[in-house]
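K.L.:
just the structure for this:
(one chain, ligands or ions: 1)
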Amino acid sequence: MKFVLRALLPLLLLVLCQGRAAAEDGYDLWLRYHPLDKAAAARVAPQARGIVVDTASSPTVNAAVSELQRGLQGMLGKTPAVTTRGAADTRAAQTDGAIVLASRDAALRDGVSAPDLDALGAEGYLLRAAKHGGKKATIIAANSDQGLLYGAFAWLRAARLGQPLDALNEKSAPKLQLRMLNHWDNLDRTVERGYAGESIWNWWDLPDVTDARYTDYARANASLGINGTVLNNVNSKPEILTAPWIAKAAAVADVLRPYGIKVYLSARFSTPLELKQTQTADPLDPQVAAWWKAKADEIYKAIPDFGGFLVKANSEGQPGPQDYHRTHADGANMLAAAVAPHKGIVMWRAFVYAAEKPDDRAKQAYSEFKPLDGKFADNVIVQVKNGAIDFQPREPFHPLFGAMDKTPLMMEFQITKEYLGYSTHLAYLGTLFEETLHSDTRMKGKGPTVAQVLEDGGHLTGMAGVANIGSSRNWSGSHFDQANWYAFGRLAWNPQASSRDIAKEWASLTFTPQAADAITDIMAESREAVVDYMTPLGLHHVMGTGHHHGPAPWVDNLGRPDWNPVYYHKADKNGIGFDRSATGSNALAQYSPEIARLYADPHTTPQADLLWFHHLPWDYKMPSGRTLWADMIAHYDHGVAQVADMQQRWQKLKPMIDQQRYEETAQRLALQLKEAQWWRDASIAYFQSVNGLPLPPGVKAPAQTLEYYKSLRFPYAPGHG
Ligand code: BDP
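P.N.:
This is a model prediction of the structure:
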């Protein structure tokens, strides 16, 4: 006996250790239903004695029930019995402590008021401690099955966050209609700006083989209220709209449908022409319009609830209506007419700028779209990036927000960190999203804020996020990048939510409530650290050519002037910065008069945006008392120091974090520190070569020569087309 034990002991230990490590690879995201400790279990178990389905069964209701079962099994180690309508009288013979999924009628019978239900709209939910059939219960009520599914996720969240389940009274409804991921996924499974492995869509195996991961993808998104996904890259190919690919998209749509997620596709404007089925792609040509109409009919046959098209037109070489001297509205409206009979929509991107135009790139989207205000069909929504250049670590909000009173606008954020250190740097984007959403478009403190502009957008409202999801085991390429997906989803549901609250919630669910405050502190400072070591004081677009990895402020020889970093920082012997005031490009005139006035003067321009709007001498006196040059250097140094600080704070959390996720994060933070230092050194070396100024006393010289930094090449950087 003793011998057997001795022989088995190492094996047993191995199994135990591996079990722990394997369970903590990040795959479960924030839906990590691990066994609760005793106290928490004692709080949750009496409130989850049974699941009562007081509504007609449907795939969506079934998804809600199985999520509750999965969660409770994980947290409590047992699955409560399910009572369904038809099988039994759901109001009789209950014990106290059931979770009731209640249709509108059922909720009314349980005493929920009609106005309370009305306030939930089509997708909202309500969680309430009440009575069902005379017994104490938690009512999850909604006007739709989708609302019930969201409510089920909300109950599980409340249970895991330690909320008092016996006194729940939560009402929540999304403030935006379209809560959408944009996958920039190519048909060969590469992902433009993807840093989390291959595309999650295994196009080759579809439609016959549907990966089990698609269901977990749907669960994760539904848990946040995301209700749409564009499957393919905005730089689209004609093939995506051919029969074999429509069938593949339909197979994905079938998996996502029970979770309330509609499928959309990016359409290439010249598709009919390139497939050689028309002679032109001119949107006003009847042949072209007829082709799109027939194509829409074909798609809707395969995907009856198809959401519609996302279009990047006349931007960065993509075809579009302007190729035929038509406007963006002409192009969008033609496609909109094709999907309108099926209740589909067109999301038309405002990310346009042309090399031929000598005008400031930051002004071009506004110049193109403002005159078209009111000219778009009812089922068109214009999708606008958060800033006027391109997903930089910091950008002032896009001037189109607040300027298109007669056109629905939706926000486009980038969740994948093309310009913020890929999935290696820890940068929580909740603060970036919040900064844009909270921006006051009139600067009077009265709004509307960008969030309000989105919410009050009229008959169509929405927010899109360029996804950071791939086939990497942890979905996003790093554990902390999951938080950016999470924050996006929560803000799409409620654009006025606090990024700090969201971070804390995520940290509790994903790691442990014990470490949540400390993790939240790390996250809260992380994006500003990136701004400081990459692009302080309003600098922008100084990243490496094409792949956008690392510093390259010296680049001045690309095919178009507005692809060159020197175009954006305009540094010379005398000063630095882009003059966008009246003495320069006057991009400021695109903002409200209040903002334009305030930002006209560098002294009243927020320091964070200073060099975005002004070209200033190197010895310009900053509020810190330092010169601009010294202040810039202080920001670079501060950014590096912040990363070192984040690293130390993470090390202190080691006892509270499981080994694999601890180590994987620690390695990335160490790499981030190296790269932050590189950014700082290369930037200082370059700008010093331009201004010829000495380094302020006590400042460390860059570790290498400027020539060394200039010589670095990254031909195999990921995510680049
Ligand atoms: C830029 C990306 C590029 C995208 C483009 C877009 O570098 O890969 O195609 O935006 O949004 O950020 O269309």
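
K.L.:
sec struct for N557, please.
P.N.:
Here N557 is recorded as coil under DSSP: H, G, I helix; E, B strand; the rest coil.

K.L.:
can you show me the CA trace of stretch 100-110 as CSV?
P.N.:
The C-alpha trace of stretch 100-110 is given here as CSV (Å, rounded to 0.1, in the frame of the first residue of the first chain):
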residue,chain,number,x,y,z
VAL,A,100,-36.9,32.9,-13.2
LEU,A,101,-36.5,33.8,-16.9
ALA,A,102,-39.7,35.7,-17.4
SER,A,103,-41.3,36.8,-20.7
ARG,A,104,-43.1,40.2,-20.6
ASP,A,105,-46.4,38.6,-19.7
ALA,A,106,-44.9,36.4,-17.1
ALA,A,107,-43.1,39.4,-15.6
LEU,A,108,-46.3,41.4,-15.4
ARG,A,109,-47.9,38.4,-13.5
ASP,A,110,-44.9,38.5,-11.1
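
K.L.:
list the buried ones in it?
P.N.:
V100, L101, A102, S103, R104, A106, A107, D110 (16 or more other CB atoms under 10 Å). Using the backbone N, CA and C atoms, a C-beta is placed for each residue, glycine as well.

K.L.:
from those residues, which is closest to A589?
P.N.:
R104 (50.4 Å; CB to CB).

K.L.:
so the closest one sits against L117, correct?
P.N.:
Yes. At 5.6 Å, R104 counts as touching L117 under the criterion of CB atoms under 8 Å.

K.L.:
got any residues that touch both of these two?
P.N.:
Common neighbours of R104 and L117, counting by CB atoms under 8 Å, 6 or more residues apart in numbering, are A141, N143.

K.L.:
among the buried residues of stretch 100-110, which ones are in helices?
P.N.:
Mapping the buried residues of stretch 100-110 onto helices (DSSP state H) picks out R104, A106, A107.

K.L.:
how about a markdown table for these, with pLDDT and distance to the ligand added?
P.N.:
What follows is those, written out as a markdown table (pLDDT from 0 to 100; distance: CB to the nearest ligand atom, whole Å):
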| residue | pLDDT | distance to the ligand |
| --- | --- | --- |
| R104 | 97 | 41 |
| A106 | 95 | 45 |
| A107 | 96 | 43 |
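
K.L.:
could I get those residues in TSV, plus columns for distance to R580?
P.N.:
Shown next, in TSV, are these (distance: CB to CB, whole Å):
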residue	distance to R580
R104	52
A106	58
A107	54
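
K.L.:
between which two of the buried residues of stretch 100-110 is the distance greatest?
P.N.:
So, these by CB to CB: farthest apart are V100 and R104, at 13.1 Å.

K.L.:
residue of this structure nearest the ligand, please.
P.N.:
D390 (4.5 Å; CB to the nearest ligand atom).

K.L.:
list the buried residues of stretch 534-547.
P.N.:
534-545, 547.

K.L.:
near the ligand, list only the ones from the residues you listed.
P.N.:
Among the buried residues of stretch 534-547, proximity to the ligand is found for none (CB under 6 Å from any ligand atom).

K.L.:
and the residues you listed, which two are furthest apart?
P.N.:
Going by CB to CB, the pair spanning those furthest: L537 and H547, at 24.5 Å.

K.L.:
how about the residues of the protein near the ligand?
P.N.:
Checking the chain against the ligand by CB under 6 Å from any ligand atom, the hits are E192, R193, V234, N235, K312, E316, F351, D390, F391, E418.

K.L.:
tell me the least confident of those?
P.N.:
Among those, E316 carries the lowest pLDDT, at 91.

K.L.:
for that residue, helix, strand, or coil?
P.N.:
coil.

K.L.:
likewise I139?
P.N.:
Once three-state DSSP is applied, I139 turns out strand.

K.L.:
let me know the pLDDT of it.
P.N.:
Value for I139, per-residue pLDDT: 97.

K.L.:
got it, and the one 3 residues further on?
P.N.:
Reading off the confidence values, A142 has pLDDT 98.

K.L.:
cool, V4 as well?
P.N.:
Reading off the model, V4 has pLDDT 46.

K.L.:
helices and strands around the biggest helix by length in the chain, which ones?
P.N.:
Longest among the helix segments of the chain by residue count, using DSSP H, is helix 659-691. Here helix 659-691 touches helix 2-23, helix 516-534, helix 628-652, helix 706-711, going by 3 or more CB pairs under 8 Å, 6 or more residues apart in numbering; DSSP states H and E.

K.L.:
quick one: it to helix 628-652, angle?
P.N.:
Inter-element angle recorded for helix 659-691 and helix 628-652: 170 degrees (by axes from the mean of the first three to the mean of the last three CA atoms, to 10 degrees).

K.L.:
how far away from the center of its chain is helix 659-691?
P.N.:
24 Å (CA atoms, centre = their mean, to the nearest Å).

K.L.:
quick one: average pLDDT of that helix?
P.N.:
98.

K.L.:
just the angle for it relative to helix 516-534, thanks.
P.N.:
Using the same axes, to 10 degrees: helix 659-691 against helix 516-534 is 30 degrees.

K.L.:
residues of helix 659-691 that come out buried?
P.N.:
For helix 659-691, by 16+ other CB under 10 Å, it's 660-662, 664-666, 668-669, 672-673, 675-688, 690-691.

K.L.:
again, but for stretch 33-50
P.N.:
For stretch 33-50, by 16+ other CB under 10 Å, it's Y33, L36, A40, R43, V44, A45, Q47, A48, R49, G50.

K.L.:
correct me, but the fifth one touches K38?
P.N.:
No. The pair V44 / K38 is not scored as a contact, 11.0 Å apart, by CB under 8 Å.

K.L.:
not counting sequence-adjacent ones, nearest residue to G344?
P.N.:
G308 (3.8 Å; CB to CB, 6 or more residues apart in numbering).

K.L.:
can you dump the C-alpha coordinates of stretch 446-453 into CSV?
P.N.:
The C-alpha atoms that make up stretch 446-453 are tabulated as CSV, following Å, rounded to 0.1, in the frame of the first residue of the first chain:
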residue,chain,number,x,y,z
LYS,A,446,-23.1,71.6,-21.4
GLY,A,447,-22.5,69.2,-24.3
PRO,A,448,-23.5,67.5,-26.2
THR,A,449,-20.6,65.2,-25.5
VAL,A,450,-19.5,62.8,-28.2
ALA,A,451,-21.4,60.1,-26.3
GLN,A,452,-24.5,62.1,-26.4
VAL,A,453,-24.1,62.8,-30.1
